[in-house]
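Novice: what's the 3D shape of this:
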Amino acid sequence: MKVRIGTRGSALARAQAEWVAARLREMGHEPELHVLRTTGDVTARPLDETGLGIFVAEIEQALRRGDVSLAVHSLKDLPTGEREGLVVAAIPEREDPRDALVTATGATLAQLPAGGRLATGSPRRAGQLCAHRPDLTFVPVRGNVDTRLRKLEEGQFEGLVLACAGLVRLGLAARITERIPLEVSLPAPGQGALAAQVRADDAETRTLVAALDHAPTRAAVTAERECLAHLTGGCIVPVGALGVVEGDRLRLSGVIAHPSGTPLYRAEEEGPAGEAEGVGRALAVRLSEMGGARILEECG
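Specialist: Numbering: from 1, shown residues only. Coordinates of the predicted model:
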């Protein structure tokens with residue numbers, strides 16, 4: 001079967017789409033990539049982890065029109081909630097969900113000098129890392145992975161925070177100076193996971209893509225995204241969440257951190273993996289009642 005895959009044109013987006021294409025080729029199908037430009041590719045604002053759909057809207061439109069039959073997204077770019085006429089047919093096994101520190105000198109997070117500039121476009125990362133190292137200076141950064149790495153090499157900042165998964169998928173795992181411990185920084189909901197999206201009425205493509213689905217990853221990210229949806233509806237806010245499935249149990253950790261590093265609220269919930277949405281909602285309620293709601297009101 002021929003499968004037209006819609007993707008953004010960045011090196012990372014193409015690598016992710018090609019990973020899915022390779023799996024489809026192994027299954028005997030004939031995928032071809034179609035590169036599409038999105039609003040997120042042309043805006044000048046730092047927009048990491050927005051959940052607002054600016055990196056997916058045009059691709060979804062092409063999918064609805066039938067220009068492509070499958071879209072591959074970074075799951076954290078996909079807004080929570082229903083997408084009219086579309087479904088996520090598969091969420092493959094996720095890559096390392098942790099945040100990565102990259103430095104030109106090899107300095108770890110603990111070794112960065114006081115006052116050192118740490119670059120990130122994510123309020124979530126800034127809030128958690130500022131709580132851990134309040135003596136650092138946090139600066140915004142924009143651009144694809146190569147652009148950000150070039151700015152680091154030029155000395156525009158001493159450290160750069162990216163997703164481990166993106167660097168691994170680009171073959172740049174060797175650039176990771178430190179995989180930041182989860183105790184220091186929880187990832188964005190869905191970080192490290194891909195979403196293979198199809199039209200809801202395209203039963204043939206939906207069936208073939210479903211073979212790529214990884215049930216533990218789907219349960220984990222479902223809980224993470226439900227927590228985010230219950231808290232924010234997809235605004236640009238400092239919310240982190242990570243689900244871990246062991247057997248038939250799901251443990252979900254979450255954080256709401258003020259971008260200044262304080263206050264920071266962190267909690268966990270656990271429940272059956274088959275009730276992932278309920279676990280996510282329970283964690284959202286806990287974090288909100290702890291004081292997270294006030295942070296979200298301020299940041300929203």
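Novice: alpha carbons only for contacts and neighbour counts from here, please
Specialist: Will do.
Novice: give the buried residues for the regular element (helix or strand) spanning residue 61.
Specialist: Following DSSP states H and E, one finds residue 61 within helix 57-65. Applying a neighbour-count criterion of 16 or more other C-alpha atoms under 10 Å, one finds 57-60, 62-64 buried in helix 57-65.
Novice: beyond it, next helix or strand please.
Specialist: Assigned by DSSP H and E, the successor of helix 57-65 is strand 70-74.
Novice: quick one, the helix or strand following that next one and strand 70-74 angle?
Specialist: Along the chain past strand 70-74, the next helix or strand (assigned with DSSP H and E) turns out to be strand 86-90. Interaxial angle, strand 86-90 versus strand 70-74 (axes from the mean of the first three to the mean of the last three C-alpha atoms, to 10 degrees): 80 degrees.
Novice: quick one: work out the angle between strand 86-90 and helix 57-65.
Specialist: Computed by the same axes, to 10 degrees, the angle separating strand 86-90 from helix 57-65 equals 100 degrees.
Novice: right, and the helix or strand after strand 86-90?
Specialist: Moving toward the C-terminus from strand 86-90, the next element (DSSP H and E) is strand 99-103.
Novice: list the strands paired with that following strand, with their directions.
Specialist: As defined by DSSP bridges, the strand partners of strand 99-103 come to strand 159-163 (antiparallel), strand 178-179 (antiparallel).
Novice: which strands and helices lie in contact with the helix holding residue 61?
Specialist: Applying 3 or more C-alpha pairs under 8 Å, 6 or more residues apart in numbering; DSSP states H and E, one finds that helix 57-65 makes contact with strand 2-7, strand 70-74, strand 194-199.
Novice: just checking, what packs against the second one?
Specialist: Judged by 3+ C-alpha pairs under 8 Å, 6+ apart, strand 70-74 is in contact with strand 2-7, helix 11-26, helix 57-65, strand 194-199.
Novice: mind listing what's buried along the second one?
Specialist: What it means is helix 11-26. Residues of helix 11-26 classed as buried by neighbour count (16+ other C-alpha under 10 Å): 12-18, 20-21, 24.
Novice: can you confirm residue 270 is in a strand?
Specialist: Yes: under DSSP: H, G, I helix; E, B strand; the rest coil, residue 270 sits within a strand.
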